[in-house]
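Chemist: What shape does this take:
(chains A and B)
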Amino acid sequence: MSISLNNLKRRDFLKGSTASATLALAPSLVRAAENQPERMKPNILVVVCDQMVLDAVSAYKQHFTDPAYLCHWSHTPNLDKLVKGGVSFTLSHSQNPVCCPARSCMFTGRYSIETGVIHNNIGIDREVLNLGQWLEAHSDYERVYCGKWHAGGPWNNPTVDGPRKIPGFDTIPSGPDIWGRDMDYGVSSGVEAYLRNYRGDKPFLAVAGFMDPHDICFWSPQLNSGQVRGNNLFKLMDQYPVLPPNKKYDFDEIWKGSINYSDMQWQNYIYDYCRMIERLDCNVGRLLQAVRDRNDDTIIIFTSDHGDGLARHGRVSKWHPYEESVKVPLIVYAPKFGVRSNVIDSEHLVSGADITPTICDYAGIKPPPNCRGRSLRPLLEGHATDWHDSLFIELREVGRVIRSQRYKFVMSYKPAPLKPKRAIEQAYISKASGKPVEFLPGEGFKLERQEQTMLFDMVNDPWEHNNLSSESKYRDIIAQHEQMLASYEQDIIPGHSFTRK
Amino acid sequence: MSAKAARSAKAIAQNIQHPDSYIARVLRELNMPQDAFNPVGEWSHTYIDGSSFFALGRVQGTLKIKRDMNGALHIVNSRPTVDRGYRFFTIARLESLSDELSTPRSWEVHSKIAADIDAPAYLNTGLHKRFKVENGLLSIASGAHRQTLTLKGRYTCKHALLDAVQRLPGADVPALKFTMLDEYDQPCPDQRLRLRCKTKATFKNGTGEVYVFDQIGFATVPATFCVDSSGRLLAYVAGMQSLILYSENGIKTGYADVDIVE
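Modeler: Predicted coordinates for the structure are as follows:
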């Protein structure tokens, strides 16, 4: 059954949706629903975690059968409930696998070059509206944000007022530091309380921004805080995970960055990461129970900004174009709102940019102008749709990925030297001339493009062992993907944040 | 040694045998309390919430645990937020047994984000939950809502464990297996707590004997408890979190010369 929310009141919806079957069996629920304020839009809870790889959800054991995938080593009962009660995607991608850019895309539906957030610690271009601002202008949604935002500048958590308030959102205070252990319990409890206590007439959009499992960044050699263990200090024995088959690999890559950890160090790294995933799952559990207790039509969307290396390609952290970095969980749970249950979609290419248009669709409004993502609603409800057959992903300011159904093509322009404190200007200034570099739609940057490219066959080589770009038989495939890239770039409207002084 | 080289040479945070480890450095920054301590008596401890990443002495919040004559635990956790005007408070009271896990039979938890502990909750963030365990069933009440969970085997709450571990030194206790409720409501099964070693440690005011216990399990980044020979918990380190004894019954340990308003 397809229902347009634009012409439907809440009471009509309850009569016509799958909820009616449940309500018919529960007269007390019918009375409760009738006593609720009349409205036609669902409440929406978005849960964004930080640095979670897609395959860490234990419900995916049947899908990712290789024992090196994390679903065999972590246990996520609450995320599993979301997977079983909703639709989740195994071809879900970060739009740009690092915190700020990914979040800017998630909450605008635009590419990061358009939000201006091409690097960490840059704020969204003032001319690009975020989801909160868009809903504020075009709907009656209450909008509240708690936890990590990191799309406003070099800070993680928003304040209730002042320059660090997120435009378009009320803030539930969180932080101050960025450890999953310390911060996330406060975020979880704060948002749980909001879900339990909110009795307003208007629908709400609530966002919980968790830090976990981002703590793993402090297990890296760069931020070493004494966490990486090269011994069996805690006698973990048979609990040590299987290491990934691509820990060592042999191909030329555009960005190098493998880490020389011992097997024991990697095993401890992955073991600890799995425990952070489980800690995150506990925090999700509080929110899920609060939504269940509301017994209303709240939609839950769960995702992450990017993944983590986890020894795959010898990597820690994100920033790179491989699956462990760009693939993120995306689960939509709305059993009372027509979203199918227990559907694991491994066919459609989706990304963080699809979240804003999806929320707008359920809120009954159009997405913001020039939105690059698409509403997932037809996929969630099982309606036929002509879905795109490729994705445009950005990374490292000037890196580009085209992911098609079968292949992943990676290229890069030659980046300007980057000094973190001046990232806004530096990324777009050529070293040779010292002048700002223009982005030319359809042509890329005025800077030269790097000759080196990468191509992976994602069907026959899911662990990305082999870079096929130098093999002549793939020349046409590469040309097709370059054409797709040019087509995406043709539409880009670059943001201006990076020119802000 | 360059900063980079120093970082790469850093010892494992919980390896108390290594003088450069985080836990060894923490202990060197506090005075080992000299007063007698009775873990089954009446006492109050204030812990500073720190981090193994930042310099010693940085305070990210406080955790106060008070045990009364009847064995009940009164716990107040206060963490700052990025908004100077607001803090996150968790206030709990647990009716616990004086056993190896300080097993709580019933408990009550209030949490809120507010300007101070007596101020009203900001933006709908006040929460009150009541818990009771009977015949292996945990019932959780939140407002009009009731939830029931089955608890298999032994169990405790995360913060009750900070009390329980104080009764383990000297006791002939094998590795404990239990479910931990994190922090008070989410069941984390398959926990293991065991003695790693008994060793000498250096403090600000000399050397002393400590017992080191480790905890592993579901949702637990390996955690280390360091208690003195009379049982008082001096430090807890797990991943990026650490709890360090700031005062006992109002008498400060002098940790890193930190001075907070209790």
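
Chemist: who's in contact with the closest residue to residue A:466 other than its chain neighbours?
Modeler: Setting aside the residues directly before and after it, residue A:466 is nearest to residue A:251 in space (Cβ to Cβ, 6 or more residues apart in numbering or on different chains), at 6.4 Å. C-beta here means a position set from N, CA and C on the backbone, and glycine is covered the same way. Residues near residue A:251 by Cβ atoms under 8 Å, 6 or more residues apart in numbering or on different chains: A:454, A:465, A:466, A:467.

Chemist: And the furthest pair within these?
Modeler: Across the contacts of residue A:251, the longest distance by Cβ to Cβ is 12.0 Å; it joins A:454 and A:465.

Chemist: And the two? Which one has more around it.
Modeler: residue A:454 (24 against 16; other Cβ atoms under 10 Å in any protein chain shown).

Chemist: from memory the more buried one sits against residue A:255, does it?
Modeler: No - Residue A:454 is not in contact with residue A:255 according to Cβ atoms under 8 Å; the separation is 9.6 Å.

Chemist: what do these two both touch?
Modeler: residue A:321.

Chemist: how far away is residue B:65 from chain A?
Modeler: 17 Å (Cβ to the nearest Cβ, to the nearest Å).

Chemist: in the host helix or strand of residue B:213, what's buried?
Modeler: In this structure, residue B:213 sits in strand B:206-217 according to DSSP states H and E. Of all the residues in strand B:206-217, those buried under the rule 16 or more other Cβ atoms under 10 Å in any protein chain shown are B:208, B:210, B:211, B:212, B:213, B:214, B:215, B:216, B:217.

Chemist: does any bit of that strand sit next to chain A?
Modeler: Yes - judged by Cβ under 8 Å from any Cβ of the partner chain, strand B:206-217 and chain A are in contact via B:214, B:216.

Chemist: Can you pull the residues of the stretch 1-150 of chain B lying near chain A?
Modeler: Going by Cβ under 8 Å from any Cβ, the residues of the stretch 1-150 of chain B near chain A are B:7-8, B:10-15, B:21-22, B:49, B:51-53, B:60-61, B:79-83, B:85-86, B:88, B:90, B:111-113, B:121-127, B:142-143, B:145, B:147.

Chemist: I'd like the next helix or strand past the strand holding residue B:213.
Modeler: Past strand B:206-217, the next helix or strand by DSSP H and E is strand B:220-228.

Chemist: what lines up beside that following strand in the sheet?
Modeler: strand B:206-217 (antiparallel), strand B:233-238 (antiparallel) (DSSP bridges).

Chemist: Can I get the last one in CSV? Just the C-alpha atoms.
Modeler: In other words, strand B:233-238. Provided in CSV are the C-alpha atoms of strand B:233-238 (Å, rounded to 0.1, in the frame of the first residue of the first chain):
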residue,chain,number,x,y,z
LEU,B,233,39.7,1.3,45.4
LEU,B,234,42.5,3.7,44.4
ALA,B,235,42.1,3.7,40.6
TYR,B,236,40.0,2.2,37.8
VAL,B,237,41.2,2.4,34.2
ALA,B,238,39.3,1.2,31.2
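
Chemist: Residues contacting the following helix or strand past it, please?
Modeler: Next in sequence after strand B:233-238, counting helices and strands by DSSP H and E, comes strand B:241-248. Strand B:241-248 is contacted from outside by A:179, A:181-182, B:22, B:26, B:30, B:33, B:35, B:37, B:43-52, B:62-63, B:162, B:232-236, B:252-253, B:255, B:258, B:260, B:262, using Cβ under 8 Å, 6+ apart.

Chemist: if you set the cut-off to 6 Å instead, what comes out?
Modeler: Strand B:241-248 has contacts (Cβ atoms under 6 Å, 6 or more residues apart in numbering or on different chains) with A:181, B:26, B:33, B:45-48, B:50, B:63, B:234-236, B:253, B:255.

Chemist: quick one: contacts for the most centrally placed residue in chain B?
Modeler: Centroid check for chain B by Cα atoms, centre = their mean gives residue B:162 as the closest residue, at 4.5 Å. Counting by Cβ under 6 Å, 6+ apart, residue B:162 touches residue B:233.

Chemist: One more pass at 8 Å, please.
Modeler: B:47, B:63, B:65, B:225, B:233, B:236, B:243.

Chemist: Farthest pair within the contacts of strand B:241-248?
Modeler: A:181 and B:33 (26.2 Å).

Chemist: picking that back up, redo the strands paired with strand B:220-228 as a markdown table? Include mean pLDDT and distance to residue A:229.
Modeler: Shown next, in a markdown table, are these (pLDDT from 0 to 100; distance: least, Cβ to Cβ, whole Å):
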| stretch | mean pLDDT | distance to residue A:229 |
| --- | --- | --- |
| strand B:206-217 | 97 | 12 |
| strand B:233-238 | 97 | 13 |
